[in-house]
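[1] got a predicted model here, sequence first, then my questions.
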Amino acid sequence: MSQYQNFTSDFPHRCLELLDRAHGLASASGREVTLLLMVASASLVVPFERLKPDTKYSSHPFGENKRFLRAAERLNELMSQKFIGSALCPTTASSWRLAKDVKAVEGDLDEWLPSAKLKALSKDREVASTLTLVRNALSHGSIHTIGDPIKDLIFVKEVIGKHLDNSPRRIGFEVICVSYADFHDFVRAWITFLSESNVWGLRRAA
């Protein structure tokens, strides 16, 4: 069991290795979506949290966005790009759909999703908005699936505003729906961005 060289490129690369090596077994047992969600949760949350910019309210204690400065800068560059056509979603013929201003998500999916007014993702929507929604949904367990066998994945993010006294209040929810196939491609593209880019300046573990 070799030591991780880092958790921002080496760790997600190993996640991708597991996704590839275990895919056949997972598919044979009908667990390919479970495998994908496991890999997505780890490979999205861990490196993203370590590299995202500091805010006046929080910063990661390890300081890797400063230690691996070029890596953090490259992530910021990616985040400002349009999602459709980016390295994470290079094709315009994708299944990504979004619903804004969803008022309630309680109960079973079929109780609220039909009225959510899902629409094709806007070409103007940036990577930051999409990536953070998916990361937020995975880290908070706000996910659903559609179909049996599963065809689509649902990711939900709470939208927070403020009362007049500046205390937080829930405005509603944003919901993304994407096919299993397109989400699989997205996860692979994200990990490839992290693990294969020369700007990381970090040698992969053997």
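    Thanks, I have it.

[2] drop to CA atoms for contacts and neighbour counts, all remaining ones
    Noted.

[3] contact partners of stretch 89-106?
    Defining contact as Cα atoms under 8 Å, 6 or more residues apart in numbering, one finds that stretch 89-106 is touched by 83-85, 112-113, 116-121, 171-179, 182, 185-186, 189.

[4] if we use 6 Å, what do you get?
    Counting by Cα atoms under 6 Å, 6 or more residues apart in numbering, the neighbours of stretch 89-106 from elsewhere in the structure are 85, 116-121, 172-179.

[5] can you give me the end-to-end span of it?
    Between the opening and closing residues of stretch 89-106 lies a distance of 30 Å (Cα to Cα, to the nearest Å).

[6] among the contacts of stretch 89-106, name the ones in strands.
    Counting by DSSP state E, those place Lys119, Ala120, Gly172, Phe173, Glu174, Val175, Ile176, Cys177, Val178, Ser179 in strands.

[7] related to what we said a few turns ago, between the contacts of stretch 89-106, which is nearest Leu194?
    For the contacts of stretch 89-106, the residue nearest Leu194 by Cα to Cα is Gly85; the value is 17.7 Å.

[8] which SSE is the nearest residue to that closest one once chain neighbours are set aside in?
    Taking Cα to Cα, 6 or more residues apart in numbering, and ignoring the residues beside it in sequence, Gly85 has Thr91 as its nearest neighbour in space, at 5.9 Å. Remark: Thr91 resides in no helix or strand, with elements defined by DSSP states H and E.

[9] circling back to that earlier point, make CSV from the ones in strands among the contacts of stretch 89-106 and add distance to Arg14 to it.
    Rendered in CSV, the data for the ones in strands among the contacts of stretch 89-106 read as follows (distance: Cα to Cα, whole Å):
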residue, distance to Arg14
Lys119, 34
Ala120, 32
Gly172, 36
Phe173, 33
Glu174, 31
Val175, 29
Ile176, 27
Cys177, 27
Val178, 24
Ser179, 24
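
[10] next, the buried residues of stretch 175-190.
    175-180, 182-184, 186-190 (16 or more other Cα atoms under 10 Å).

[11] all strands for the protein, in order.
    Counting by DSSP E, the chain has these strands, from start to end: 97-102, 119-120, 143-146, 152-162, 168-179.
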